[in-house]
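Participant: Predicted model and sequence below, questions to follow.
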Amino acid sequence: MKRRAFMCLAATGAVAALIGPARASQIQMDLYKDPSCGCCEAWGRAMADADFNVVVRNEDFTAVKARLGIPENMQGCHTAVVGDYFFEGHVPLQAVQKIMNERQQIAGLAVPGMPAGSLGMGDDPNASYAVYSLSKPDMKPTLFMRMRKA
């Protein structure tokens, strides 16, 4: 009986050792959004599927935008924060990954408004929208990439 208990405990420890590092390797992404926003949920799920540890924070996201200094004309419906970067609105996954891989010297990326066909905003085959980088410390927007589905 003691041997069986030991084997179960050892197997549990081995599984935990395999699962633990996988979870620990995820980068935390704090997602500030309205509790009832479905498009924000879809965007967050896409980030979680890309192996971000998305922590939803249903707080006053307007205060978060103000604290980060995001210009009003660059604001979207949610704000995500990863380390020193912010991702404002429906920023596409490839743009998030590019910034995280290249570690560019910017404050963050923004997709102003809620463009149809952007990540979390449905599937519009004719979607076209701009992603802007915002510089430190003045938050001057510069075209980072243009997204086109067609």
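Facilitator: Right, received. Where do you want to start? Numbering: from 1, shown residues only.
Participant: Poorly predicted segments of the protein, please.
Facilitator: For the chain, the stretches flagged by pLDDT under 70 are 1-25, 38-39, 116-121, 149-150.
Participant: quick one, helices of it?
Facilitator: 2-24, 38-49, 61-68, 93-102 (DSSP state H).
Participant: Does anything pack onto the last one? Which helices or strands?
Facilitator: If you count contacts as 3 or more Cβ pairs under 8 Å, 6 or more residues apart in numbering; DSSP states H and E, helix 93-102 packs onto helix 38-49, strand 85-89, strand 108-111, strand 141-148. Bear in mind the C-beta positions are built from the backbone N, C-alpha and C, glycine included.
Participant: any idea which of these is most buried?
Facilitator: strand 108-111 (a mean of 26; mean count of other Cβ atoms under 10 Å).
Participant: from the chain's centre, how far out does that one sit?
Facilitator: 11 Å (Cα atoms, centre = their mean, to the nearest Å).
Participant: re the thing from before, could you dump the helices and strands packed on helix 93-102 into JSON lines with distance to residue 68 added?
Facilitator: What follows is those, written out as JSON lines (distance: least, Cβ to Cβ, whole Å):
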{"stretch": "helix 38-49", "distance to residue 68": "17"}
{"stretch": "strand 85-89", "distance to residue 68": "5"}
{"stretch": "strand 108-111", "distance to residue 68": "7"}
{"stretch": "strand 141-148", "distance to residue 68": "14"}
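Participant: nearest to residue 30, of those?
Facilitator: Among the helices and strands packed on helix 93-102, strand 85-89 comes nearest to residue 30, with 9.6 Å by Cβ to Cβ.
Participant: how much does the closest one deviate in direction from helix 38-49?
Facilitator: Put simply, strand 85-89 runs at 140 degrees to helix 38-49, going by axes from the mean of the first three to the mean of the last three Cα atoms, to 10 degrees.
Participant: Tell me what angle strand 85-89 forms with helix 61-68.
Facilitator: Going by the same axes, to 10 degrees, strand 85-89 makes 140 degrees with helix 61-68.
Participant: which residues sit against strand 85-89?
Facilitator: 29, 65, 68, 70, 74-81, 95-96, 99-100, 106-114, 118 (Cβ atoms under 8 Å, 6 or more residues apart in numbering).
Participant: what about burial for these, which qualify?
Facilitator: When the contacts of strand 85-89 are checked for burial by 16 or more other Cβ atoms under 10 Å, the buried set is 29, 65, 68, 70, 74-81, 95-96, 99-100, 106-114, 118.
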